[in-house]
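S.K.: What would the 3D arrangement of this be:
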Amino acid sequence: MQLTLLGPQRRPTVNQVLPALDPDAPIATVTAGWQEREPDDDELDALLGGRSVNLALYGRWLDVRERDPEFAAAELEHRIAVDELRSLHLVQLEAALGALDAVTQRKGERPAAVEAALSDADAVVRLLDDRHLARVAEANASFTSACPAAERPVVAGHREVVRRILDQAGAFVVAGGHVGAILQTMQLFGVAPFVPPAVVAWSAGAMALTDRVVLFHERTAQGPTPTEVYDYGLSLIPGVVLLPHARRRLRVDDPAHMAVLVRRLAPARCVVLDDGSRLDMRPDGELPPDARVIGADGRISSLEER
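M.R.: Here you go, the predicted structure:
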């Protein structure tokens, strides 16, 4: 798979990827992360040379809600249950991360004692993350078993249209926005098995393609919230955690704090997607040498500099 990850598109660079794509095939796009603004893709279509075909996943989801109220009610109840899991996970995280931060800043004790306490505190946070992901996966599996989307006629009809568009497309472009909406709609309409051989994604769209989606809002007007392991992604990009807008949303100027995050998410690499960045993943799925990652010391540098 030819996979290109871009930084946030405040100043668009997606058009620079066009020469590497099949010039004769349409380009399937996902703007579900824009939610109600999903159809407002004229600028994106122009950047893609007028060849884009929007999968309209968010609009299809709204259509399912309207035409299959039984499924919509079951899905709403499922989302409420998962949101409750998230809320409880955040309560646990605040306490565990507070203890971890306190241990990290202790001075004067014997180094071996501090390292042991730090290791234990790290393990508690990782356990909370793992258990939360397991519970979310269990909830998703229970919902799928009780209410199989593929057996709902309205969903099945949309899935067939989406599959036909993807079969004809030479590339697949996933824009940013609300990562939950992107994940939910791509999973509902069975996108993953039919993704074309060339993929371009940025921000939340890129995050949704990883195997673990991590949310981070440490710098917001409403105050910080703990970085949380949100859900499993589509796993087209395994072994990495993508951090778009990292310099605006994470305490990257605090290496000790960032080192805690790196340990927490290991062995996955924490990859920073700055404005204007472009990562062309290697054919074997590995990161390119110019990928900027957060190291064990909590500092950002490219792989080739390490």
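
S.K.: Packing partners of the longest strand belonging to the chain?
M.R.: Looking across the chain with DSSP state E, the single longest strand is strand 225-232. Applying 3 or more C-beta pairs under 8 Å, 6 or more residues apart in numbering; DSSP states H and E, one finds that strand 225-232 contacts helix 69-104, helix 111-146, helix 179-188, strand 212-217. Every C-beta, even on glycine, is put in place using the N, C-alpha and C of the backbone.

S.K.: Not counting sequence-adjacent ones, nearest residue to residue 254?
M.R.: Closest residue in space to residue 254, ignoring its immediate chain neighbours: residue 298 at 7.4 Å, by C-beta to C-beta, 6 or more residues apart in numbering.

S.K.: Turn the helices and strands packed on strand 225-232 into TSV, including distance to residue 172, mean pLDDT and mean neighbour count.
M.R.: Formatted as TSV, the helices and strands packed on strand 225-232 follow (distance: least, C-beta to C-beta, whole Å; pLDDT from 0 to 100; neighbours: other C-beta atoms under 10 Å):
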stretch	distance to residue 172	mean pLDDT	mean neighbour count
helix 69-104	25	94	15
helix 111-146	23	94	14
helix 179-188	10	96	23
strand 212-217	18	92	20
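
S.K.: Residue 259: which of these is closest?
M.R.: Residue 259 sits nearest to helix 69-104 of all the helices and strands packed on strand 225-232, at 8.4 Å, using C-beta to C-beta.

S.K.: Tell me the helices and strands packed up against that closest one.
M.R.: Here helix 69-104 touches helix 57-67, helix 111-146, strand 225-232, helix 255-265, going by 3+ C-beta pairs under 8 Å, 6+ apart.

S.K.: Work out which residue lies at the spatial centre of the protein.
M.R.: residue 207 (2.3 Å; C-alpha atoms, centre = their mean).

S.K.: Contact partners for that residue?
M.R.: 179, 213-214, 233, 242, 244 (C-beta atoms under 8 Å, 6 or more residues apart in numbering).

S.K.: give me phi/psi at the closest residue to residue 290 other than its chain neighbours?
M.R.: Nearest-residue entry for residue 290: residue 302, 5.3 Å, with adjacent residues in sequence omitted and distances by C-beta to C-beta, 6+ apart. Dihedral pair for residue 302: phi -80, psi 160, per degrees, to the nearest 10.

S.K.: Burial check on residue 302, number of neighbours?
M.R.: As a burial measure, residue 302 scores 14 neighbours (other C-beta atoms under 10 Å).

S.K.: Okay, and the beta partners of it?
M.R.: Beta-bridge partners recorded for residue 302 (DSSP bridges): residue 292.

S.K.: Ok, residue 202 next?
M.R.: In beta-bridge terms (that is, DSSP bridges), residue 202 pairs with residue 6.

S.K.: Run through the residues that contact the residue nearest to residue 254.
M.R.: Neighbour list for residue 298: 254-262 [criterion: C-beta under 8 Å, 6+ apart].

S.K.: Show me which of the residues you listed are buried.
M.R.: Buried members of these, scored by 16 or more other C-beta atoms under 10 Å, are 255, 257-262.

S.K.: Distance to residue 61 and pLDDT added to these, as TSV?
M.R.: Output for those, formatted as TSV (distance: C-beta to C-beta, whole Å; pLDDT from 0 to 100):
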residue	distance to residue 61	pLDDT
255	41	92
257	37	88
258	36	92
259	39	92
260	37	91
261	32	93
262	35	95
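
S.K.: Looking at these, which is nearest residue 154?
M.R.: residue 261 (41.4 Å).
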